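S.K.: Based on what follows, work out the 3D shape:
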Amino acid sequence: MEAVSVNLEGTAKVFQAAKESGVQKVVFASSTAVYGNSEELPKSESMSLQPLSPYAATKEGGEIFGRIFSMLYGLPIISLRYFNVFGPRQDPATEYAAVIPRFISRMMAGDRPVIYGDGEQTRDFVYVDDIVRANLLAAESPVAGIALNIASGQRYSLNSLVLILNDVLNLDFQPKYEPARPGEVRHSLADISLATKTLGYRPEVSLREGLLRTIAWFREKQNHDHED
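M.R.: Numbering: from 1, shown residues only. Sure, this is the predicted structure:
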């Protein structure tokens, strides 16, 4: 299975290479997917993990390897559980494309955004600049052997996301609703207090500001593609 060979074996090999090379610190990119479909909100690091996919299971496995390498070999590893990351350069065309680039690309092309379900499902969107800041804080921190939520600490429904995009793009699209996809997480919201306490992490980019920056990148890319 590709997820296991890439995410689990690959991660273990990176940790081993870091140990042998005398690397000072490793920041492991984990995921909110490790929490599964628990209805408890907000998601805190003390919750039991319930991964529901091979991908999510490999992320939990990577965290376990991180704790083991930190404890047994003295290699400082910290795991960051990213929530719904968005920003420039996300590909809207792949099978696993995130919802924000998918919505933006469709709406800018004159198409209605597609929502699977009733649109009242919520997500904790976090702009990529805040993710970068969290990674730098984690890399410079002496803290290791733990996992931390990295998010905005706020949640928005997909319906409200469409409303904000309509406003920013000066459009008036109604979403196209399709049947809900099985196994999809209904609500997501992070408790980021531990990351704030441990790393000094605080998100600085609001959803609206992040969308403005992302749309500006899409427009610049569109203009560049037309020139080519």
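S.K.: Quick check: pLDDT value at Ser53.
M.R.: The model reports Ser53 with a pLDDT of 87.
S.K.: neighbours around His224, how many?
M.R.: By the other CB atoms under 10 Å criterion, the neighbourhood of His224 contains 9 residues. Heads up, the C-betas are built off the backbone N, CA and C, glycines and all.
S.K.: same check, this time on Phe86
M.R.: 21.
S.K.: now swap in Phe83 and tell me
M.R.: 24.
S.K.: This structure: strands as residue ranges?
M.R.: Shown for the chain, the strands assigned by DSSP state E span residues 26-31, 77-82, 84-86, 114-116, 122-123, 125-127, 147-150, 156-157, 176-178.
S.K.: right, so of those strands, which gets closest to Lys197?
M.R.: Nearest of the strands of the chain to Lys197, taken as CB to CB: strand 147-150 at 9.6 Å.
S.K.: what packs against that closest one?
M.R.: strand 77-82, helix 128-140, helix 193-199 (3 or more CB pairs under 8 Å, 6 or more residues apart in numbering; DSSP states H and E).
S.K.: rerun at 7 Å
M.R.: strand 77-82, helix 193-199 (3 or more CB pairs under 7 Å, 6 or more residues apart in numbering; DSSP states H and E).
S.K.: and it, which strands flank it?
M.R.: Note on strand 147-150: by DSSP bridges, its sheet partners are strand 77-82 (parallel).
S.K.: For the helices and strands packed on strand 147-150, give me JSON lines that also has distance to Phe218, mean pLDDT and mean neighbour count.
M.R.: JSON lines is the format used below for the helices and strands packed on strand 147-150 (distance: least, CB to CB, whole Å; pLDDT from 0 to 100; neighbours: other CB atoms under 10 Å):
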{"stretch": "strand 77-82", "distance to Phe218": "21", "mean pLDDT": "98", "mean neighbour count": "25"}
{"stretch": "helix 193-199", "distance to Phe218": "29", "mean pLDDT": "98", "mean neighbour count": "17"}
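S.K.: Output these in JSON lines; the columns should cover distance to Gly153.
M.R.: Formatted as JSON lines, the helices and strands packed on strand 147-150 follow (distance: least, CB to CB, whole Å):
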{"stretch": "strand 77-82", "distance to Gly153": "13"}
{"stretch": "helix 193-199", "distance to Gly153": "8"}
